[in-house]
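[1] I would like to see how this sequence folds:
(one chain, ligands or ions: 1)
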Amino acid sequence: MTEEVDLFVIGGGSGGVRAARISSGYGARVMVAEEYRVGGTCVIRGCVPKKLLVYASRYADEFEDAAGYGWTVPEPAFDWSKLIANKDREIARLEAAYTANLDRAKVKIVKSRATIVDPHTVRLSATGETVRAKTILIATGAAPHLGAEIAGLEHVISSNEAFHLKDLPRRILIQGGGYIALEFATIFNGLGSEVTVVYRGENILRGFDDDVRTHLRNELEKRGIKILCKRLVEGIEKVEHGLDVELSGHEQIVVDAVMFATGRHPNTKGLGLEAAGVKLGPKGEIMVDANSRTSVPSIYAVGDVTDRVNLTPVAIREGHAFADSVFGNKPVSVSHAGVPTAVFTEPEVGVVGLSEADACRTFRRVDIYKTSFRPMKATLSGRDTRTFMKLVVDGDTDRVLGCHIVGPDAGEMIQLIGIAVRMKATKADFDATMAVHPTAAEELVTMRERAASHVREAAE
Ligand code: NDP
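    Numbers count the residues shown, from 1 in each chain. Sure thing, here's the model as predicted:
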């Protein structure tokens, strides 16, 4: 029998769940298909469990730093299996909460893979049934991409497996220089593993402001993370006491685990998209317009599967905007400009807006304000660490174009500065804001001296 719905959502992650609930609230009959676990990457094997592991890893510093504040802490012991079991319990609770929210919103959940048969029909693999839908939304996300076929690739884990390792690896090599590689490098380093990061480019975090890249690299190295740039993993061989990894340049390193965090590819394979006429881009991403509509008018797509800005809050916004536009009669499109973001390394990175280099490419005059200082907590603890902050300002209008922070709570700070930058606050607005003392954030409203001013001469 063929069921009929107004909206069929493929994928029960952040974007799909939001779109389903809001559409149902507008009176649409909605069905969601999820082949794995409700909650998607963010909740099940991404942002949420990652942050729990980050919290776990930060206790190492807290125990050490306590001494300078008068505490005597007995030799701490860490139990990886207990952490993973506790994390799994929390993820199961969140999955149940997501499912309950969908139930409450009267969205029908089917635990099955779904494929597209034609622009208004999907097939459920679990039962073979077909469902007719006025609108189909694809929110299938992305999955780790391990790169070229090299010898021993079967020994490589991705972030998916890192969340479920039986034991904490004593030595781990992580290939990649982006968000996931550096966050996991920090996690394993904090929990006591020996960590080597192997990155193909000149310096980690390509695309971020150059000062942020240099400062973070220096801080990670001070913590004992080994960062090898301009290298590639060329092969892996299982040996008696671990994995023998061959790097370009004939370097050899033996570790207990090898993880690749070399980017993620959109989950579009085998969904029946090409047959239905949905246009894909070079990475297999679904091409959409500003309203998340694909080349087939009845099919939409949101989140990482569209490879726009691959962040959970963006997928949620896109899902919500889709529901408002298609079922709520309130057309909305999502702005992908000026999205604040954080990298949960130790120290954290928080960024909103343009880097110095990007601003110089677009604006005639760019003023730079920056500072680097020892965080107050490090005075008594004696920890060797520095915080970095930078404001990129349009020298002609005084508007703050970008803010870059490397230091404790950078993620929390950048969320709020994101509002000011979005509201087009000027450097004078920052300066006129009274400082909160003593905080690290007060440095952002007390940077008086210009560190640099770049002026581009008008073309002849
Ligand atoms: P990123 O794009 O951040 O990093 C991928 C890294 O792998 C880059 O350093 C890249 O190098 C390198 N790389 C790519 N292909 C190869 C290859 N074939 N061989 C060797 N190295 C390679 O992706 P991630 O996997 O870290 O994360 C995926 C996305 O998930 C992020 O872009 C982000 O949007 C999101 N995310 C966000 C988080 C957050 O908000 N805190 C946390 C985790 C993920 P190069 O720079 O030279 O291209």
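[2] what's in contact with stretch 76-89?
    Stretch 76-89 has contacts (CB atoms under 8 Å, 6 or more residues apart in numbering) with 49, 52-53, 56, 59-60, 63, 163-168, 191-192. (Each C-beta comes from the backbone N, C-alpha and C, glycine too.)
[3] ok, 7 Å please
    49, 52-53, 56, 63, 164, 167-168, 191-192 (CB atoms under 7 Å, 6 or more residues apart in numbering).
[4] which ones are touching the residue of the stretch 101-250 of the chain found nearest the ligand?
    Going by CB to the nearest ligand atom, the ligand is nearest to residue 178 of the stretch 101-250 of the chain, at 2.1 Å. The contact partners of residue 178, taken as CB under 7 Å, 6+ apart, are 205, 261.
[5] ranges for the strands of the stretch 151-300 of the chain?
    156-157, 171-175, 194-199, 226-229, 233-239, 242-247, 251-255, 257-260, 264-266, 299-301 (DSSP state E, counting those that start in this stretch).
[6] Excluding sequence neighbours, find me the nearest residue to whichever residue of the stretch 351-460 of the chain sits closest to the ligand.
    At 7.9 Å from the ligand, residue 411 is the closest residue in the stretch 351-460 of the chain, using CB to the nearest ligand atom. Spatially, and ignoring its direct neighbours in sequence, residue 411 is nearest to residue 342 (3.3 Å; CB to CB, 6 or more residues apart in numbering).
[7] Help me confirm that the one you found is found in a helix?
    No - judged by DSSP: H, G, I helix; E, B strand; the rest coil, residue 342 forms no part of a helix; its state is strand.
[8] one step back: go ahead and build a ChimeraX selection from the buried members of the contacts of stretch 76-89.
    Of the contacts of stretch 76-89, the buried ones go into a single ChimeraX selection, burial set by 16 or more other CB atoms under 10 Å:
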select :49,52,53,56,168,191
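[9] Report the contact partners of the residue of the stretch 351-460 of the chain closest to the ligand.
    Counted by CB under 7 Å, 6+ apart, residue 411 has contacts 342, 344, 348, 350.
[10] Torsion angles phi and psi at residue 339?
    phi -80, psi 120 (degrees, to the nearest 10).
[11] what about the nearest residue to it once chain neighbours are set aside, distance to the ligand?
    Nearest non-adjacent residue to residue 339, counting by CB to CB, 6+ apart: residue 309, 5.4 Å away. Separation of residue 309 from the ligand (CB to the nearest ligand atom, to the nearest Å) stands at 7 Å.
[12] Could you measure from the most centrally placed residue in the chain over to residue 351?
    What sits nearest the mean C-alpha location of the chain, by CA atoms, centre = their mean, is residue 311, with 5.4 Å. Distance from residue 311 to residue 351, counting by CB to CB, to the nearest Å: 12 Å.
[13] same check, this time on residue 23
    33 Å.
[14] Likewise for residue 427?
    Relative to residue 351, and taking CB to CB, residue 427 is found at 18 Å.
[15] before we move on, what about residue 404?
    5 Å.
[16] Please apply the same query to residue 173.
    From residue 173 to residue 351 the distance is 27 Å (CB to CB).
[17] And for residue 392?
    Taken as CB to CB, the span from residue 392 to residue 351 is 10 Å.
[18] Residue 182 now?
    13 Å.
[19] Could you give the number of residues near the nearest residue to residue 252 once chain neighbours are set aside?
    The spatial neighbour of residue 252 that comes closest, neighbours along the chain excluded (CB to CB, 6+ apart), is residue 246 at 5.9 Å. Around residue 246 there are 18 other residues, counting by other CB atoms under 10 Å.
[20] how about the residues of the protein that lie near the ligand?
    147, 175-181, 183, 199-201, 206, 232, 261-264, 310-311, 341-344 (CB under 6 Å from any ligand atom).
[21] Now intersect these with the helices, please.
    Under the assignment DSSP state H, the residues of the chain next to the ligand contribute 179-181, 183 to helices.
[22] Residue 311 is in contact with residue 341, correct?
    Yes - in this structure, residue 341 is within contact of residue 311 by CB atoms under 7 Å, at 6.4 Å.
[23] which neighbours do these two share?
    Counting by CB under 7 Å, 6+ apart, nothing touches both residue 341 and residue 311.
[24] quick one, what contacts residue 300?
    So residue 300 contacts 135, 137, 292-294, 322 (CB under 7 Å, 6+ apart).
[25] Could you check the longest helix along the chain and say which residues are buried?
    The residue-count maximum for a helix in the chain (DSSP H) belongs to helix 80-104. Residues of helix 80-104 classed as buried by neighbour count (16+ other CB under 10 Å): 80, 83-84, 87, 91, 94-95, 98-99, 102.
[26] pLDDT on it, on average?
    On average, the pLDDT along helix 80-104 is 98.
[27] any residues in contact with both of residue 404 and residue 351?
    Shared contacts of residue 404 and residue 351, counting by CB under 7 Å, 6+ apart, come down to residue 212.
[28] just to revisit the earlier point, which one of residue 427 and residue 351 has more residues nearby?
    Counted by other CB under 10 Å, residue 427 and residue 351 do not tie: residue 351 has more neighbours, with 27 against 22.
[29] For stretch 45-65, output the C-alpha coordinates as PDB.
    Provided in PDB are the C-alpha atoms of stretch 45-65 (Å, rounded to 0.1, in the frame of the first residue of the first chain):
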ATOM      1  CA  ARG A  45      28.800  11.000  16.800                       C
ATOM      2  CA  GLY A  46      29.700  14.700  16.400                       C
ATOM      3  CA  CYS A  47      29.400  17.900  18.300                       C
ATOM      4  CA  VAL A  48      27.800  16.600  21.400                       C
ATOM      5  CA  PRO A  49      29.900  13.500  22.300                       C
ATOM      6  CA  LYS A  50      33.000  15.500  21.100                       C
ATOM      7  CA  LYS A  51      32.300  18.200  23.600                       C
ATOM      8  CA  LEU A  52      31.800  15.700  26.400                       C
ATOM      9  CA  LEU A  53      35.200  14.200  25.500                       C
ATOM     10  CA  VAL A  54      36.700  17.700  25.500                       C
ATOM     11  CA  TYR A  55      35.400  18.300  29.000                       C
ATOM     12  CA  ALA A  56      36.900  15.000  30.100                       C
ATOM     13  CA  SER A  57      40.300  15.900  28.600                       C
ATOM     14  CA  ARG A  58      40.400  19.300  30.300                       C
ATOM     15  CA  TYR A  59      40.400  17.800  33.800                       C
ATOM     16  CA  ALA A  60      44.100  17.000  33.200                       C
ATOM     17  CA  ASP A  61      44.900  20.800  33.300                       C
ATOM     18  CA  GLU A  62      42.600  21.400  36.200                       C
ATOM     19  CA  PHE A  63      44.300  18.800  38.400                       C
ATOM     20  CA  GLU A  64      47.700  20.300  37.500                       C
ATOM     21  CA  ASP A  65      46.700  23.900  37.900                       C
END
